[in-house]
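# The sequence and its predicted three-dimensional model are supplied below.
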Amino acid sequence: MTLDDEVLTLFDQIVHRNPAEIEFHQAVLEVLTAIRPALRRDRSLCDAGLLERLCEPERQTMFRVVWTDDRGKAQVNRGFRVGFSSALGPYKGGLRFHRNVTLGVVKFLAFEQIFKNALTGLGLGAGKGGSDFDPAGRSDGEIMRFCQAFMTELHRHIGPCTDIPAGDVGVGGRELGYLFGQYKRITNRFDAGVLTGKGLLIGGSHVRPEATGYGAIYFLESMLEARGEKIEGKRAVVSGSGNVAYYAMEKLQQLGATVVACSDSGGYLHDPAGIRLDLLHELKFVRRRRLSTYVESVAGAAFMPFEKPWDVPCDLVVPSATQNELDGVGAKSLVRNGVVAVVEGANMPCTPDAVQTFRDAGVPVAPGKAANAGGVATSAFEMQQNAARDQWQAVDVDRRLRGTMRTIHDTCLATADDHDLPGDYGAGANIAAFHTVAAAMNALGLI
Ligand code: GLU
């Protein structure tokens, strides 16, 4: 069998075994396609069922979460935790609370996490979890009761040396506080290293909230530098307005870019003068309002309901909302308008069509598994602080984050070059991460 046939046969088996998990199929196909140059060079990487093992989660947990809403009505949700790979360390990855969360979504995210975490070089395995619980419009009391009910089951499956969840879409400092509170109550242990993204008073790390967004922009900085360009003076579009998007915008502005658009699930905001982050912070994080309310305070801004921001002319685009949000049509529009770099702040926000469009146009794309690795890298720093019962200063965490992102960038670029794919960050990220995980799996024996 040729290598291509072998890979396709494996992919068919994965689709057959995991029916209807389309995001998972997409993520697996992307990796299997990207690592072919490495497999071609060293066919022994296919030995010992390595690829089959890599694509089969080590464990998958699904559980019922029952909680009571403010009207006293019983609500039933589904909880998930997938431990995909512990070859490099304990399972590590976030929890997502969103109504679209299914097993397929959790598996795609956990699979991506294998490669992302490997790129950090910080000894992290990979997992992901969450629930189809929809936090939108829920009171603080409802959020707390849901988190407590969720942790009542999850606590049996996690631990500082086993599996360390964190936040993701719909799960931030508030939710992690409630989750950690319940874990502590049930286990009778202040085991700070069991969750990351905690508040500063309960074992959290400085710069963890900012880390994913800042990290993505540090990656962008290196990308532009490699092409003799810089962020200063560029116009940027950032999709989303949550944790990743907000801090990406903040770092872009600090480095001299003008952020002209961002979005939420209701549409996008265009402010040609540059988005006012103080106002955005107040609306989204303090008052938990919709993005559309921004235009009530800023005369020159406009809100486009139900639309995505890809028609807004810009030099830099940082899709930071959710998977498959940027398709081929959006990519063509961005290319037409002269975009020079794409950085995935979210996990897999570009469809394969979009990636191909950018590639054909010679526009570099930083894949999420490399560009947004700053979040999980800083989680590893939080674990180190917890283990030492220490708290590092913000400047120290930021310096390490920046250094980590630079190293990941350089690794991706060098690996792509080494495989005669200059500037192909997707290939570089997948191949470099795959080599690391494969070597660890081989060292551990046939398990
Ligand atoms: N959910 C984030 C990610 O996609 C952070 C995971 C973590 O810090 O464990 O990488």
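Happy to help now that I have it.
# For the stretch 101-250 of the chain, which residues are neighbours of the ligand?
Residues of the stretch 101-250 of the chain found near the ligand (Cβ under 6 Å from any ligand atom) are K116, A166, D168, T196. (Each C-beta comes from the backbone N, C-alpha and C, glycine too.)
# Could you dump those into a markdown table and include distance to V312?
Shown next, in a markdown table, are these (distance: Cβ to Cβ, whole Å):
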| residue | distance to V312 |
| --- | --- |
| K116 | 28 |
| A166 | 31 |
| D168 | 26 |
| T196 | 34 |
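# TSV please, covering those and showing neighbour count and secondary structure.
Output for those, formatted as TSV (neighbours: other Cβ atoms under 10 Å; DSSP: H, G, I helix; E, B strand; the rest coil):
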residue	neighbour count	secondary structure
K116	28	helix
A166	24	strand
D168	27	strand
T196	28	coil
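# Could you give the number of residues near the nearest residue to G125 once chain neighbours are set aside?
Spatial nearest neighbour of G125, chain neighbours left out: S86 (3.9 Å); criterion: Cβ to Cβ, 6 or more residues apart in numbering. Residues near S86, counting by other Cβ atoms under 10 Å, number 21.
# returning to that earlier point: and which of the residues of the stretch 101-250 of the chain next to the ligand is nearest E229?
Nearest to E229 among these is K116, at 25.5 Å by Cβ to Cβ.
# P90 reaches I164, doesn't it?
Yes - between P90 and I164 a contact is recorded at 5.9 Å, counting by Cβ atoms under 8 Å.
# out of these two, which sits in the more crowded spot?
I164 (26 against 20).
# measure that one to K251 for me?
The gap separating I164 from K251 is 26 Å, by Cβ to Cβ, to the nearest Å.
# pLDDT score for the residue nearest to G125?
For S86, the pLDDT comes out at 98.
# can I assume it is in contact with E58?
Yes - S86 is in contact with E58 according to Cβ under 8 Å; the separation is 6.2 Å.
# residues shared between the contacts of those two?
Shared contacts of S86 and E58, defined by Cβ atoms under 8 Å, 6 or more residues apart in numbering, are absent.
# Now M62. Its backbone dihedrals?
phi -130, psi 140 (degrees, to the nearest 10).
# Tell me what it is bridged to.
Applying DSSP bridges to M62 gives these bridge partners: F80.
# tally of neighbours for it?
The number of residues packed near M62 is 13, by other Cβ under 10 Å.
# Repeat that for the one 5 residues further on.
Each residue near W67 was counted by other Cβ under 10 Å, and the total is 20.
# which ones are touching it?
Going by Cβ under 8 Å, 6+ apart, W67 touches A74, Q75, N77, E142, R145, F146, Q148, A149.
# Kindly indicate whether it is helix, strand or coil.
strand (DSSP: H, G, I helix; E, B strand; the rest coil).
# now it: how far from E142?
Using Cβ to Cβ, one gets 8 Å for the distance from W67 to E142.
# do the same with L119
As for L119, its distance to E142 is 37 Å (criterion: Cβ to Cβ).
# what about these two, which has more around it?
Comparing L119 with E142 by other Cβ under 10 Å, the one with more neighbours is L119, at 27 against 18.
# Is that one within a helix or a strand, and which one?
helix 103-120 (DSSP states H and E).
# Now that helix - C-alpha only, PDB.
Coordinates of each C-alpha in helix 103-120 appear next as PDB, following Å, rounded to 0.1, in the frame of the first residue of the first chain:
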ATOM      1  CA  LEU A 103     -18.700  14.700  22.000                       C
ATOM      2  CA  GLY A 104     -17.400  15.400  18.400                       C
ATOM      3  CA  VAL A 105     -16.500  19.000  19.300                       C
ATOM      4  CA  VAL A 106     -14.800  18.000  22.600                       C
ATOM      5  CA  LYS A 107     -12.800  15.300  20.700                       C
ATOM      6  CA  PHE A 108     -11.700  17.700  18.000                       C
ATOM      7  CA  LEU A 109     -10.600  20.200  20.700                       C
ATOM      8  CA  ALA A 110      -8.800  17.500  22.700                       C
ATOM      9  CA  PHE A 111      -7.100  16.200  19.500                       C
ATOM     10  CA  GLU A 112      -5.800  19.600  18.600                       C
ATOM     11  CA  GLN A 113      -4.600  20.000  22.100                       C
ATOM     12  CA  ILE A 114      -2.200  17.100  21.700                       C
ATOM     13  CA  PHE A 115      -0.200  19.000  19.200                       C
ATOM     14  CA  LYS A 116      -0.600  22.400  20.800                       C
ATOM     15  CA  ASN A 117       0.600  21.200  24.100                       C
ATOM     16  CA  ALA A 118       3.500  19.300  22.600                       C
ATOM     17  CA  LEU A 119       4.600  22.600  20.900                       C
ATOM     18  CA  THR A 120       4.900  24.400  24.200                       C
END
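# Burial check on I14, number of neighbours?
Neighbourhood size, I14 [other Cβ under 10 Å]: 19.
# Say whether the ligand is contacted by the longest helix along the chain.
In the chain, with assignment by DSSP state H, the single longest helix is helix 394-418. No - in terms of Cβ under 6 Å from any ligand atom, no part of helix 394-418 sits within range of the ligand; the closest distance is 12.3 Å.
# which other helices and strands contact that helix?
helix 103-120, helix 208-226, helix 368-371, helix 373-387, helix 425-444 (3 or more Cβ pairs under 8 Å, 6 or more residues apart in numbering; DSSP states H and E).
# for the record, mean pLDDT for the longest one?
To tie it back to what came earlier, the one meant is helix 425-444. For helix 425-444, the mean per-residue pLDDT is 98.
# got the buried residues for it?
425-438, 440-441 (16 or more other Cβ atoms under 10 Å).
# How far off centre is it?
When distances are taken as Cα atoms, centre = their mean, to the nearest Å, helix 425-444 is centred 18 Å away from the chain's centroid.
# Next, the angle helix 394-418 makes with it.
100 degrees (axes from the mean of the first three to the mean of the last three Cα atoms, to 10 degrees).
# Other residues contacting helix 425-444?
30-31, 34-35, 37-38, 45, 48, 50, 53-54, 85, 87-88, 114-116, 118-119, 121, 223, 355, 364-367, 369-370, 408, 411-417, 419, 421.
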